[in-house]
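1. sharing a model that was predicted from the sequence below.
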Amino acid sequence: MTPRTAFEKIWSDHLVADLGDGTGLLLVDRVLLHERTGGVALNSLAEAGRKVVAPAQVFATMDHVVDTRPGRTDATLMPTGTQFIAATRAAARAAGLTLFDLGDPRQGIVHVISPELAIVLPGLTLVCPDSHTCSQGALGALAWGIGSSEAEHALATNTIRVRKPKTMRITVNGRLGLGVTAKDLALHLLERFGSVGAKGHVVEYAGEAVRALDVEARLTLCNMATEFSAFSAFIAADQIVFDYLQGRTYAPAGVEWDRAVADWRGLTTDEGAVFDAELAIHAADVAPMVSWGTSPQQAVPLGRPVPDHAAVAARDAREAYDRALGYMGLTPGQAIEGLAIDAAFIGSCTNSRLSDLRRAAAILQGQRVADGVRAICVPGSTAVKAAAEAEGLDRVFRDAGFEWRESGCSMCFFAGGESFGPQERVISSTNRNFESRQGPGTRTHLASPETVAASAIAGHIADPRGMAGA
Amino acid sequence: MTPFTTLTAIAAPLIRDNIDTDAIIPSREMKSVGKTGLADGLFAGWRYTAMGSRDPDPGFVLNDPHYAKARILLAGANVGCGSSREHAAWALAEYGFRAIVAVSFNPIFRGNCVRNGIVPVEIDANGIEADGPITIDLPRQILTTTSGREMPFAIDAEAKAMLIGGLDAIDLTLTRADEIARFREQDRARRPWVYF
């Protein structure tokens, strides 16, 4: 039998019909919804007189526009935010879906709670009208972001029409250095291969450095594949994933668990399988990264200055480069490390899991955020928040001067109505540094949670390596 | 969805790389749980002089009277990156755009365009003069510039058929409902742990 990639196995397992010209009709195992785009999909479906064909396979959460300040209610700072919450709640109930509402201990950011609850499992097809759905490929699932119309299609038909992506393997040889994280690896790949580096491809991350990552770090790595223009990202499930999933809420149990694991063990890329594209890097070349511009590809290792245009001309047109520098208030050759910051943010579907908070807290322990810096930590889920509080991390964050919030997408973008100020410089554990992403005119620098923590203490962008606890 | 065959219209040049969906429709402009009422917020951060204002910024291309009737948008590489929000496509369609010509499209945004009757034309927009009307012939897959130069473009068959026919993909798929149900039953026997 011809050797196959893991992706090809999952694709053919779900292929209901070949629609021709490379397009397949795929069975969808899970649909996830949130109140920002899910309510409109459910309402539109109902208005068309259509039903959700498999409601037991559909899960909805409240994460995007919800308030994250303590003591929250349905009210949000976003003027019409409450309507999104109310409409999604009503529509989810009417359709008979499972809803993780405000106040539910299972609530949280969709890509944080789905692995946590084992809604995502290896070998599944999972779609969500949210671009960071690719995060969940970390569990060995084929998980990708779609639009609202496609979500309606998935809800009404249990399938999705999709053009088969090409395959790309990115092998990360060797091991990441001390203090170098999955976030740095993601930014390194973007810096190196550009924001369209994986266009049209489903990326399989492989190699020793990837295998060595725990599940939460894998989620961070896969999360940013959408910034890479990938169809999705994927890491073949292994014992680390099985151990993570066993015993979680929606995981199979007993004999079914054993059957499932036996099946999942086969969902790896065969020796000799051919990818449409192969990239390889050495993990030792990856350093802690920070973005300087307004695209995630505009990033440099900490300690390096803003690059000259000549150094990035292969990816950034002169106009895009100048525009980014102007927006960020920087000049070529200027040092990034040492840039004074106004705010520090830890949160988002990229870096808000318990391990992220633990690593940041290790740096913050016994330290104080610099005067004049606003620092905010938003756990990725209610469960992460509870677990962090159980081990006293909230105390570390609070004592350091961080705000400690309820879970949600929060100021990763300002759908909740809260934003940072114009020209404010923010060091952020999030995924996007686009113009005005975190507030009109706000300047966002992407980095790992430890770099955010170190910078918050220093009052300027700082290298976490060598700091206490790092 | 309005079917698309050919269109001759003015094309507005917004030739920047990495135009993200937050820029196309800022989050604060997505005010209601629906697909309409979005055109006014299209490119709000660039189109108006200040946050929340509705004073047109004269420097922005859509405020140039020459492009008042633009039905085609010219863009750079990776247009529509970022959030999957279909509101970006709804806002563009409601404003009146029927085609986007760009070096490359973000995959989710491209799909959202197709599902809302906007033709994604993937060619380098830099070579196109934007002073006169251009023509997009979808059946022939050819863009003709003002000066009469013909530029062929690729589009996958499924997207082309949906755009030309103005097809609703759900109706199309539901014609296979029995086939899907049979597939699902076989799958349930093979992978029972997937089903609740």
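-> Okay, I see it. In this text, all values refer to a predicted model and were calculated from it rather than measured experimentally.
2. check which residues of the longest helix anywhere in chain B are buried.
-> In chain B, with assignment by DSSP state H, the single longest helix is helix B:177-190. By neighbour count on 16 or more other CB atoms under 10 Å in any protein chain shown, the buried set for helix B:177-190 is B:Ile180, B:Phe183, B:Arg184, B:Asp187. For every residue, glycine as well, the C-beta is placed using N, CA and C.
3. please give the element, helix or strand, for the spatially most central residue of chain B.
-> By CA atoms, centre = their mean, chain B has its centre lying nearest to B:Cys113, at 3.1 Å. According to DSSP states H and E, B:Cys113 maps onto helix B:107-114.
4. chain A: which of the buried residues of helix B:177-190 is nearest?
-> When those are compared for distance to chain A (CB to the nearest CB), B:Phe183 wins out at 4.6 Å.
5. what does the pLDDT read for the closest one?
-> Note for B:Phe183: predicted pLDDT of 98.
6. what's the helix holding B:Cys113 packed up against?
-> Secondary-structure packing of helix B:107-114 (3 or more CB pairs under 8 Å, 6 or more residues apart in numbering or on different chains; DSSP states H and E): helix B:87-95, strand B:119-122, helix B:157-165.
7. A:Pro129 and A:Ala41 touch, don't they?
-> Yes. The criterion here is CB atoms under 8 Å, and A:Pro129 meets it with A:Ala41 at 6.3 Å.
8. who has more neighbours, the two?
-> More crowded of A:Pro129 and A:Ala41, by other CB atoms under 10 Å in any protein chain shown: A:Pro129, with 30 against 27.
9. now that one: closest residue in space that isn't a chain neighbour?
-> A:Thr37 (4.0 Å; CB to CB, 6 or more residues apart in numbering or on different chains).
10. the one you found: how many residues sit nearby?
-> A:Thr37: 26 neighbours (other CB under 10 Å).
11. quick one, what contacts it?
-> The neighbours of A:Thr37, taking CB atoms under 8 Å, 6 or more residues apart in numbering or on different chains as the test, are A:His64, A:Pro129, A:Asp130, A:Ser148, A:Ala151, B:Ser84, B:Arg85, B:Glu86.
12. and A:Asp258, how far from A:Gln246?
-> A:Asp258 sits at a distance of 11 Å from A:Gln246 (criterion: CB to CB, to the nearest Å).
13. now swap in A:Asn173 and tell me
-> Note on A:Asn173: its distance to A:Gln246, by CB to CB, is 30 Å.
14. close to chain A, is stretch B:147-161?
-> Yes. Stretch B:147-161 comes into contact with chain A (CB under 8 Å from any CB of the partner chain), by way of B:Asp156, B:Ala157, B:Glu158.
15. flag every buried residue along that stretch.
-> B:Met151, B:Phe153, B:Ile155, B:Glu158, B:Ala159, B:Lys160, B:Ala161.
16. ok, and what's touching that stretch?
-> A:19-23, A:161, A:163, B:114, B:119-123, B:127-129, B:138, B:141-145, B:167.
17. make a PyMOL selection of the buried ones in those.
-> If you want just the buried ones from the contacts of stretch B:147-161 in PyMOL, going by 16+ other CB under 10 Å, the selection is:
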select buried, (chain A and resi 19+23+161+163) or (chain B and resi 114+119+120+121+122+123+128+138+143+144+145)
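18. mean pLDDT added to the helices and strands packed on helix B:107-114, as CSV?
-> Shown next, in CSV, are the helices and strands packed on helix B:107-114 (pLDDT from 0 to 100):
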stretch, mean pLDDT
helix B:87-95, 98
strand B:119-122, 98
helix B:157-165, 94
